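Asker: Take this sequence and fold it.
(chains A, B, C and D)
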Number of protein chains: 2
Amino acid sequence: MLGETTRDRQAERRLATRLEILDAAWAVARDKGLSSLTLRDVAERVGMQAPSLYSHFASKHAIYDAMFGQAWSEYDELDAAHAGDRFDGPRAEVLAKTMQFFDFAAADLARYQLMNQRTIPGFEPSPEAFAPSVRVVERDLARLARLGITDRGDVEILFSIIGGLVDQQLANDPGGDSRRKLLERAVQMWADGVGLPPEPRKRKARK
Amino acid sequence: MLGETTRDRQAERRLATRLEILDAAWAVARDKGLSSLTLRDVAERVGMQAPSLYSHFASKHAIYDAMFGQAWSEYDELDAAHAGDRFDGPRAEVLAKTMQFFDFAAADLARYQLMNQRTIPGFEPSPEAFAPSVRVVERDLARLARLGITDRGDVEILFSIIGGLVDQQLANDPGGDSRRKLLERAVQMWADGVGLPPEPRKRKARK
DNA sequence: GTCTATACACCGATAGAC
DNA sequence: GTCTATCGGTGTATAGAC
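Answerer: The predicted model follows:
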């Protein structure tokens, strides 16, 4: 019988190979486009033959699925890392969180297409891969509820504004920041519409 | 030499075949998804062999291109047909035009993906196919300018709101109208933000 | 001119030797 | 676990019948 250490090392090596494949997949997706990713390209990048990938992933969609989970986990961790941040009022908080997501989304077209658009024909994320995105949304809902925003429709409108601006940014000005500049104005409109209290007077900066 | 009538009839027949192919392509796109459209499926639907399509279209992308032009032309004509409509004030006008686009977009997923999303890997519409969409945008810009909205950023924000809500509608509630109900509230927020005059007093309906 | 027949290169996926 | 060989399906191209 194999010792624990041997079994652990095997599992560790297996996990490392999986991550290697996923890294290669991200590189190919960013290089040739998310939906133009081919197993042969991924395999070549990790020094394998294409069918060997099936020892680690059940299908091409399973690779997309793992990438989907990675992307949302990455944002989940980024967001959680800023959980303790303090803001100068509700509007500053909403704007900061909004820009945090916008910047993350607009920074990587392939990643955003996988996370938020349905650009892969038959792809549906599995429940496991979907879990981190649920965590993010629930944290956002809780944050907005703490600010007095409990109407789900108001939240959907805010999400739509952000999503619409990200789409336009990536479609019409990839790599630029034209829509990012509009984000603050749009969020102020939304904050006025939902009755979010105006900013408290700014304290004069002390010399 | 062929008579004019013969030549006309040939051209007419050729155009009819083109439209037949495009109709079949729309049917396949709606049935199996826009990006899962195959030339063999289209050909089968019109009673041809797949390579015969190349007598009428230079490539699969050329078919997408013609479909793109058809879709925007269709909306262009719908919009132009309502050019003479009168409204009870600026907000009612913006809301009506906004809902007109929302309904058109949300009614057909495949068509919306082709018109407004970049879901086909290598597809870029040709200038000719792009022309009707330019007409629509310019008519919208002129309409908003007539209402006093001249800041391009304000217009982009409105477009983002609409696009974001359509995306959410099609992604999360296809065939439903949950986001359509939010559209009015979102447009009111935007109208307040850009300083559009409030609605005039409603005249009492006369019995 | 239009269509059929055939072929090519590429894709995801599977079977089986080692 | 990785390989080679191969399958059915795809977009695309071309030769040749009519």
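
Asker: What residue in chain A comes nearest to DNA strand C?
Answerer: With C-beta to the nearest atom of the strand, the shortest gap between chain A and DNA strand C falls at residue A:51, namely 3.0 Å. C-beta: built from backbone N, CA, C; applies to glycine.

Asker: Check which residues of the helix or strand of chain A with the lowest mean pLDDT are buried.
Answerer: Least confident element among the helices and strands of chain A, by mean pLDDT, DSSP states H and E: helix A:4-32 (a mean of 92). Within helix A:4-32, the residues scored as buried using 16 or more other C-beta atoms under 10 Å in any protein chain shown are A:17, A:21, A:22, A:24, A:25, A:26, A:27, A:28, A:29.

Asker: right, is that helix up against DNA strand D?
Answerer: Yes: Helix A:4-32 reaches DNA strand D (C-beta under 7 Å from any atom of the strand) through A:10, A:14, A:17.

Asker: Tell me how many other residues surround residue A:181.
Answerer: By other C-beta atoms under 10 Å in any protein chain shown, the residues close to residue A:181 number 12.

Asker: how near is it to residue A:69?
Answerer: Computed as C-beta to C-beta, to the nearest Å, the residue A:181 to residue A:69 distance reads 32 Å.

Asker: And for residue A:179?
Answerer: 27 Å.

Asker: Have a look at those two and say which one is more surrounded.
Answerer: Comparing residue A:179 with residue A:69 by neighbour count (other C-beta under 10 Å), the higher total belongs to residue A:179, at 24 against 19.

Asker: Other residues contacting the stretch of helix or strand the more buried one belongs to?
Answerer: Of the helices and strands defined by DSSP states H and E, residue A:179 is found in helix A:178-194. Helix A:178-194 is contacted from outside by A:90-91, A:94-95, A:98-99, A:102-103, A:106, A:149, A:151, A:154, A:157-158, A:161-162, A:165-166, A:168-169, A:172-173, B:153-154, B:156-157, B:160-161, B:185-186, B:188-190, B:192-194, using C-beta atoms under 8 Å, 6 or more residues apart in numbering or on different chains.

Asker: That one vs helix B:178-194, what angle?
Answerer: Orientation check (axes from the mean of the first three to the mean of the last three C-alpha atoms, to 10 degrees): helix A:178-194 against helix B:178-194 gives 90 degrees.

Asker: Could you pull out the buried residues of helix A:178-194?
Answerer: Result for helix A:178-194 [16+ other C-beta under 10 Å]: buried residues A:179-180, A:182-183, A:185-191, A:193-194.

Asker: what about residue A:26, distance to DNA strand D?
Answerer: According to C-beta to the nearest atom of the strand, to the nearest Å, residue A:26 stands 19 Å off from DNA strand D.

Asker: ugh, typo on my part, it should be residue A:97
Answerer: Distance of residue A:97 to DNA strand D, computed by C-beta to the nearest atom of the strand: 41 Å.

Asker: Going by secondary structure, that residue is in what exactly?
Answerer: Counting by DSSP H and E, residue A:97 is found in helix A:90-106.

Asker: Could you do residue A:77 as well?
Answerer: With DSSP H and E as criterion, residue A:77 is part of helix A:60-81.

Asker: Show me where chain A dips below the pLDDT cut-off.
Answerer: A:1-4, A:201-207 (pLDDT under 70).

Asker: Residues of it that sit close to DNA strand C?
Answerer: Proximity of chain A to DNA strand C, by C-beta under 7 Å from any atom of the strand, involves residues A:37, A:38, A:39, A:40, A:41, A:50, A:51, A:54, A:59, A:60, A:61.

Asker: ok, the buried residues of helix A:178-194 vs residue A:142, which is closest?
Answerer: Nearest to residue A:142 among the buried residues of helix A:178-194: residue A:194, at 16.4 Å, using C-beta to C-beta.

Asker: Could you tell me the end-to-end distance of stretch A:46-60?
Answerer: End-to-end distance for stretch A:46-60: 15 Å, by C-alpha to C-alpha, to the nearest Å.

Asker: Weed out the non-buried ones from the contacts of helix A:178-194.
Answerer: Buried residues within the contacts of helix A:178-194, defined by neighbour count using 16+ other C-beta under 10 Å: A:90-91, A:94-95, A:98, A:102, A:106, A:149, A:154, A:157-158, A:161-162, A:165-166, A:168-169, B:154, B:156-157, B:160-161, B:185-186, B:188-190, B:193-194.

Asker: picking up where we left off before, quick one: which of the buried residues of helix A:4-32 is nearest residue B:127?
Answerer: Relative to residue B:127, the closest of the buried residues of helix A:4-32 is residue A:29; by C-beta to C-beta it sits at 29.5 Å.

Asker: I'd say the closest one and residue A:110 touch.
Answerer: Yes: contact criterion C-beta atoms under 8 Å: residue A:29 and residue A:110 qualify, at 4.2 Å.

Asker: what's the distance between the residue of chain A closest to DNA strand C and residue B:177?
Answerer: Residue A:51 is 47 Å from residue B:177, by C-beta to C-beta.

Asker: okay, those two: which has more neighbours?
Answerer: Neighbour comparison, residue A:51 and residue B:177: the larger count goes to residue B:177, with 13 against 10 (by other C-beta under 10 Å).

Asker: Who are the contact partners of that one?
Answerer: Residue B:177 sits next to residue B:169 when contact means C-beta under 8 Å, 6+ apart.

Asker: How about residue A:123?
Answerer: For residue A:123, the contact set (C-beta under 8 Å, 6+ apart) comprises A:61, A:64, A:65.

Asker: Relative to residue B:124, which of the residues you listed is nearest.
Answerer: Here the nearest of the contacts of residue A:123 to residue B:124, counting by C-beta to C-beta, is residue A:64; it sits at 24.2 Å.

Asker: which one is the closest one nearest to, not counting chain neighbours?
Answerer: Excluding its sequence neighbours, the residue lying closest to residue A:64 (C-beta to C-beta, 6 or more residues apart in numbering or on different chains) is residue A:123, at 5.2 Å.

Asker: which SS class is the one you found?
Answerer: coil (DSSP: H, G, I helix; E, B strand; the rest coil).

Asker: swap in residue A:57?
Answerer: Classification of residue A:57 by three-state DSSP places it in coil.

Asker: ok, how many other residues are close to the nearest residue to it once chain neighbours are set aside?
Answerer: With C-beta to C-beta, 6+ apart as the criterion, residue A:57 has its nearest non-adjacent residue at 4.9 Å, and that residue is residue A:63. Applying other C-beta under 10 Å, we find 22 residues neighbouring residue A:63.
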